[in-house]
Structures are given as structure tokens and as C-alpha cells.
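Asker: Test case, fold it:
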Amino acid sequence: MAGCFENVNVPPCIWFENDNKRNALASIVAGTLFFMGWWFIIDVAAAYPSPADFNKAYHVCGVFGTLSLFMINSVSNALVRGDGYTGGCFGPRGARAWLFLGFVMGFGAVIASCWILFAEYVASHSTLPSWPGVGLFLQNVFIFVGSLVYKFGRVEDHWN
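Answerer: From the prediction side, this is the model:
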């Protein structure tokens, strides 16, 4: 039985030949998490079109989570460290403040969706289905984790 697959040759995967695929993998994982987050809320909106089951104002959490993703990932790690471009009005301090505001907005979206989940769908003991609250919470968690994967999973190229 040990020699059964000796002569089987599996062609090498060209996509993973180089070791410099960390950026591509981080981008794929972050994009998949972002897609899954929005897919949850699209499912909730399609399954519960009535405002009595799912208030449409709750979509604001996902919008703010998406804005935080763009804010977090628009600042390079080199600029936050002070190694990048130092000109402009603010320089590294402005980049750090922008990054901090992005993280605050992302945490705020996750906390607001958690609050909506427990206040409206868990603790109220109402007849509302719980999936809209869970879907809203999962949307914001997946968007925030996707932004973290993209921000800290990538390796930046330094042009010297």
C-alpha cells in the first residue's frame, strides 16, 4: 500500500511558487470576510423586508464599519511609523489620528450592532426573530476583522 502513489506526479501550483504571496493572501482573506459580512446583512434584508422585523436604520452600522475599513487601510504602516512621506499638513501625526478615528469608528460599529442585537432581539423577550440581530452583528464583526487582516497581514514594499 505504501508504493501505491509513488508514480503519481502532481504538477506544482504556480500561484504559490514564490514566498512573496502574503499580500495576495491577505487581500483575498480580507475581501472574503468583507463579502461575507455584507452577504449576511443582504440575507437579513431579503428574508425580513418588514420594518417591524428589521429596522432599516440599522444599516448605518454596516456603513460606518465599511467607512472605517477604508479609513484604516488608506494609511500605510510606514506613514504611521514615520518612515514614509513626511510632507503635507499633518505628516505622521495626522496619519495616526486618521488611523485612530478609523479604529474608533470600527469599534463603534461593532459595539452598536452588539447593542442592537441584545437590546432588540435578545433581552426584549419579544416575538421578533433573532437572525436579523445576529446577522447585523456578524456583518460588523466580519468587516472589522477583514480590515484588520488587510491592515496587519500585508507586507509593504519599501522603495529605496
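
Asker: quick one, helices of the protein?
Answerer: Assigned by DSSP state H, the helices in the chain fall at 22-47, 59-73, 77-81, 91-116, 131-153.

Asker: which of the ones you listed is buried the deepest?
Answerer: Per-residue neighbour counts averaged over each of the helices of the chain give the maximum for helix 131-153, namely a mean of 21 (mean count of other CB atoms under 10 Å). Quick note: C-beta positions are derived from backbone N, CA and C, even for glycine.

Asker: Show me what it is packed against.
Answerer: Counting contacts by 3 or more CB pairs under 8 Å, 6 or more residues apart in numbering; DSSP states H and E, the secondary-structure elements packed against helix 131-153 are helix 22-47, helix 59-73, helix 91-116.

Asker: for the shortest one, packing partners?
Answerer: On a contact count with 3+ CB pairs under 8 Å, 6+ apart, helix 59-73 meets helix 22-47, helix 91-116, helix 131-153.

Asker: now the first one against helix 91-116, angle please.
Answerer: Think helix 22-47. Calculated by axes from the mean of the first three to the mean of the last three CA atoms, to 10 degrees, helix 22-47 forms an angle of 30 degrees with helix 91-116.

Asker: Please apply the same query to the last one.
Answerer: Computed by the same axes, to 10 degrees, the angle separating helix 131-153 from helix 91-116 equals 160 degrees.

Asker: pLDDT (mean, whole number) over helix 131-153?
Answerer: Helix 131-153 shows a mean pLDDT of 94 in the predicted model.

Asker: Show me how far it is from its chain's centre.
Answerer: Averaging C-alpha coordinates over helix 131-153 and over its chain gives two centres that are 5 Å apart (CA atoms, centre = their mean, to the nearest Å).

Asker: Asn55 and Leu128, how far apart?
Answerer: Distance, Asn55 to Leu128, using CB to CB, to the nearest Å: 10 Å.

Asker: Find residues that contact each of these two.
Answerer: When CB atoms under 8 Å, 6 or more residues apart in numbering defines a contact, the residues bordering Asn55 and Leu128 alike are Glu120.

Asker: can you pull the contacts of the nearest residue to Val44 once chain neighbours are set aside?
Answerer: Counting by CB to CB, 6 or more residues apart in numbering, Val44 lies nearest to Gly135, which is 3.8 Å off, once chain neighbours are set aside. Residues in contact with Gly135, defined by CB under 8 Å, 6+ apart, are Phe40, Ile41, Asp43, Val44.

Asker: follow-up on the earlier one: what's the closest of the helices of the chain to Val122?
Answerer: The stretch from the helices of the chain with the least distance to Val122 (CB to CB) is helix 131-153; that distance is 6.9 Å.

Asker: Cool, thanks, signing off.
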